[in-house]
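**Student:** Model the following, please.
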Amino acid sequence: MAKTSRIVNVTIGARNMKVGTLRFESDGRRQSSAFEYDPAWLSFEGGFDISPSLPRQPGPFFSSGTRDNPRAALPGVISDATPDSWGRSLMRSALGNGLTEFDYLTLSDDRTRQGALRYLDEDGRQMADPDRPLARRTLPLERLRALALAYDRDPARAEAEATELTGAVGSLGGARPKANVIAEDGLFIAKFTSERDGKPIEQIEVATLNLARDAGLRASAAQLALGNTRHPVALIRRFDRRGDRRIPYMSARTALGGAESGTYDEMAEVIRRISKDPRADLEELFGRIAFTILVANTDDHLKNHGFLYLGDNRWGLAPAFDINPQPDRQRSLETPISELSGHDASIEALIEAAPFFDLGETDGIRIAGRIGAVIRDHWRGRLEEQKVSGAQARLYEPAFLNPEMKLLEKIVEGRFRKAEAPPRSDQSPGGPGMP
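**Tutor:** Next comes the predicted model:
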């Protein structure tokens, strides 16, 4: 197959200021790209590094994909704006096989693309497939749900539905059915129930995100729509939008240099380097790990964490998202706390690792204990708010009241009871209680 070359301008902001140029090549077997900052961006006072691995400097940054990992053909922060399995499946159904990473990037709807970077032609327009143009428009929620259900039932026979859906899905990640929805008060991700779901997954996700906010964590705002129907929809507010303004975003995987796997203590190191408020973000990350363990969330991979740009070449943790309790799976973390603890979902290992997050052990116990108490006292009420039945709630009880929760209660009780106890007479200075 002959080599093909494509070029697209990378821009940002309402005035489409040029950040750089992306050159892409493919020969049918291998895909690669070169990104280069525009000289005007390098000298612009408000310019910033669009990711840590792309520091502002002259010259190209090269990326090369492989058969096993074609997504590596694009720089991580740019690949973050391409769809994942659900969106890619739709695009293949609508546009045919043989799509390149460049196609997944540039043919997704620019209006709803993740983050702030835009990919436009020389005339400042979104690129399009001239043979099979996509209808890029938002649709009513009920219509989106009907299309998603039809495609989910039989993708092979739903080409028309795929074509209509693709314009609304854009660059959304994840494997489950979803689409972008524009409401009067902003942009939302609509997550749809699948016909194959044996549990109320969308209701549980909304309840769990609200529970995380109860626990003092920065979590995405979530609500349930069409809740009185057989197929309710979770609406998650897009945190990379402020009105019409787009907020730069990168995944934690990109922040860690594009590694498929990493650890939370490595993520903590990145926070120290790029965060506008490292202390607050480190404590927040520690709390999120505790929450993940205490609700039996097993989908905490690095693409499910991210950073928003805050100005002055500094970033901050994006709100938590994609937290899905799993009551019937082996309790493990997708992202290990550290290499020492491995993938064990252990609250004890997290507390021992508190210094990795610039916290003392007592602080770690206090934070985890506060979060655990909120989960224990409020999980059932949050599920009831989302119309989760009593029988369904009982199925999820092992996730919210799991063994790590019970262990945490013992740790908290032991530590703070010991701290509050009056000193014994044999512990006076120089007495037998001293080491």
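**Student:** Nearest spatial neighbour of the spatially most central residue of the chain, chain-adjacent residues omitted?
**Tutor:** Residue closest to the average C-alpha location in the chain (Cα atoms, centre = their mean): residue 304, at 2.9 Å. Of all residues not flanking residue 304 in the chain, residue 322 sits nearest, at 4.5 Å (Cβ to Cβ, 6 or more residues apart in numbering). No exception for glycine: its C-beta is placed from N, CA and C like everyone else's.
**Student:** Pull the number of nearby residues for the one you found.
**Tutor:** Around residue 322 there are 19 other residues, counting by other Cβ atoms under 10 Å.
**Student:** residues in contact with it?
**Tutor:** Counting by Cβ atoms under 8 Å, 6 or more residues apart in numbering, residue 322 touches 174, 205, 299, 304.
**Student:** where's it, which helix or strand?
**Tutor:** Assessed by DSSP states H and E, residue 322 sits outside every helix and strand.
**Student:** do you know how far it is from residue 219?
**Tutor:** From residue 322 across to residue 219, the span is 10 Å (Cβ to Cβ, to the nearest Å).
**Student:** need the contact list for residue 345.
**Tutor:** Residues in contact with residue 345 (Cβ under 8 Å, 6+ apart) are 292, 293, 296, 298, 331, 332, 333, 404.
**Student:** With residue 169 instead?
**Tutor:** Going by Cβ under 8 Å, 6+ apart, residue 169 touches 83, 86, 87, 90, 108, 109, 178, 179, 180.
**Student:** Is residue 176 in a helix, a strand, or coil?
**Tutor:** Assigned by DSSP: H, G, I helix; E, B strand; the rest coil, the conformation of residue 176 is coil.
**Student:** Now for it: which residues touch it?
**Tutor:** Residue 176 makes contact with 86, 191, 192, 194, 201, according to Cβ under 8 Å, 6+ apart.
**Student:** any idea how far residue 37 is from it?
**Tutor:** From residue 176 across to residue 37, the span is 36 Å (Cβ to Cβ).
**Student:** likewise residue 104?
**Tutor:** Note on residue 104: its distance to residue 37, by Cβ to Cβ, is 23 Å.
**Student:** and if you look at residue 388?
**Tutor:** For residue 388, the distance to residue 37 (Cβ to Cβ) stands at 49 Å.
**Student:** The two: which is more packed in?
**Tutor:** Between residue 388 and residue 37, residue 37 has the larger neighbour count (other Cβ under 10 Å), namely 24 against 20.
**Student:** Any stretches of this protein with poor pLDDT?
**Tutor:** For the chain, residues meeting the criterion pLDDT under 70 lie at 1, 129-137, 416-435.
**Student:** tell me the domain boundaries of it?
**Tutor:** What automatic domain parsing lists as the domains of the chain is 4-196, 248-420.
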